[in-house]
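[1] take this sequence and fold it.
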Amino acid sequence: MSIVAGAGPVGRAAEEGLPADDHVEHAAGSPGAPPAPVHTTRTLAAAGDLLRALAAPVRIAIVLQLLESDRCVHDLVDALEVAQPLISQHLRVLKSAGVVHGQRRGREVVYSLVDDHLAHIVVDAVAHVEEGR
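    Here you go, the predicted model:
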């Protein structure tokens with residue numbers, strides 16, 4: 001099954017051997033609902049990279065901490081009870097993924113979220129897991 005525009009039939013039509021242009025009502029969608037937008041392979045790959053950057057429990061915890069307020073490394077070490085080198089390593093991953101940025105203030109670097117979009121993803125994921133308990 002392909003997720004990119006123009007890549008051939010997908011969904012139940014493909015499973016049932018129907019041509020892609022035959023109308024098949026999907027159980028998951030509403031009848032007559034417009035199709036979901038199709039995104040480029042590059043966009044989907046970048047979204048996957050971003051989600052992988054958020055995939056570690058420590059990085060999720062860092063994002064949740066930064067959602068509350070900007071923090072320097074030693075604040076994160078104290079709050080999460082994780083060794084400083086490990087916090088720094090995870091911050092590098094988050095920074096390279098564009099999730100956080102650091103601003104030097106004297107001898108410290110204070111980290112903050114680039115924007116709240118990703119924090120909402122993390123908060124929603126945590127809430128979803130906690131609902132299932």
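[2] any idea how far the residue most central in space within the chain lies from Gly106?
    Nearest to the mean C-alpha position of the chain, by CA atoms, centre = their mean, lies Leu51 at 3.5 Å. For Leu51, the distance to Gly106 (CB to CB, to the nearest Å) stands at 34 Å. Where C-beta positions appear, they are placed from N, C-alpha and C, glycine not excepted.
[3] contacts only, for the residue nearest to the centre of the chain.
    Ile121 (CB atoms under 8 Å, 6 or more residues apart in numbering).
[4] in a strand, it, correct?
    No. Assigned with DSSP: H, G, I helix; E, B strand; the rest coil, Leu51 falls outside any strand and is helix.
[5] give me the pLDDT for it.
    Looking at Leu51, its pLDDT is 93.
[6] and for Pro35?
    87.
[7] do the same with Pro19
    Pro19 is given a pLDDT of 48.
[8] then the one 3 residues further on?
    The pLDDT attached to Asp22 in the predicted structure is 44.
[9] elements contacting the lengthiest helix in the chain?
    Longest helix in the chain by number of residues (criterion: DSSP state H): helix 117-131. In terms of contacts (3 or more CB pairs under 8 Å, 6 or more residues apart in numbering; DSSP states H and E), helix 117-131 is packed against helix 57-68.
[10] and the contacts of the helix it packs on?
    53-54, 71, 75-76, 79-80, 82, 86-87, 90-91, 93-94, 99-100, 111-113, 116, 118-119, 122-123, 125-126.
[11] now list the buried members of the residues you listed.
    Buried members of those, counted by 16 or more other CB atoms under 10 Å: 53-54, 71, 75-76, 80, 87, 90-91, 93-94, 99-100, 111, 113, 118-119, 122.
[12] please enumerate the strands of this protein.
    71-72, 100-105, 108-113 (DSSP state E).
[13] ok now the shortest one, how far from the chain's centre?
    Going back to what we said before, that points to strand 71-72. 22 Å (CA atoms, centre = their mean, to the nearest Å).
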